[in-house]
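S.K.: 3D, please:
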Amino acid sequence: MKKVDKEALKNKIDVTMPILNEYQQRMYLASEAKALGYGGISLISQLSGVSIKTIRSGISELTDPNREPKQEGKSRRSGGGRKRVVDKQPNILNRLQMLIEPHTKGDPERALLWTNKAL
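M.R.: Here you go, the predicted structure:
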C-alpha cells in the first residue's frame, strides 16, 4: 500500500460522507480504496466505519462494464424493498371493510367514519 496520511484521509472521509447518498458513498469509498491499492479496502473500512463487504460491492460496481446508469434522485435500483400488502393480498381492503362494517358510524359519503370495534 502507498504511504498515506491516515488522519488527512479520515478527515476527508468525515467531511464528504454526510453530503452523499447511499450509492454515492459506496462509490466514493470504493474509489478511495481502489486508489490506495493493496490493503486499501481494510484501511478505508476502518477509517469510515463502513463494512468491507460494502466497499467490495462498490468496487465491483465501479469495474462492471455492464452496469446500469443510476437514475437521477434514486440511490437504489427499482423493485427493491418490501412489496405492498395490497399486491401480496389483493382482497385485504374488502376483508377489512367487512370486518369493521357492522361497527361503523357516520355518513358513508364523508371520508371520516367512526368505528367502535376494539382489538
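S.K.: Can you give me the neighbour number for the nearest residue to Leu113 once chain neighbours are set aside?
M.R.: Nearest non-adjacent residue to Leu113, counting by C-beta to C-beta, 6 or more residues apart in numbering: Gly106, 4.4 Å away. Glycine gets a C-beta too; all of them are placed from N, C-alpha and C. Using other C-beta atoms under 10 Å, Gly106 has 11 neighbouring residues.
S.K.: Just read off the phi/psi values of Gly106.
M.R.: phi 120, psi 170 (degrees, to the nearest 10).
S.K.: That one contacts Asn116, doesn't it?
M.R.: No. At 11.1 Å, Gly106 does not count as touching Asn116 under the criterion of C-beta atoms under 8 Å.
S.K.: before we move on, which element is Val86 in?
M.R.: helix 85-88 (DSSP states H and E).
S.K.: if you average pLDDT over that helix, what comes out?
M.R.: When pLDDT is averaged over helix 85-88, the result is 90.
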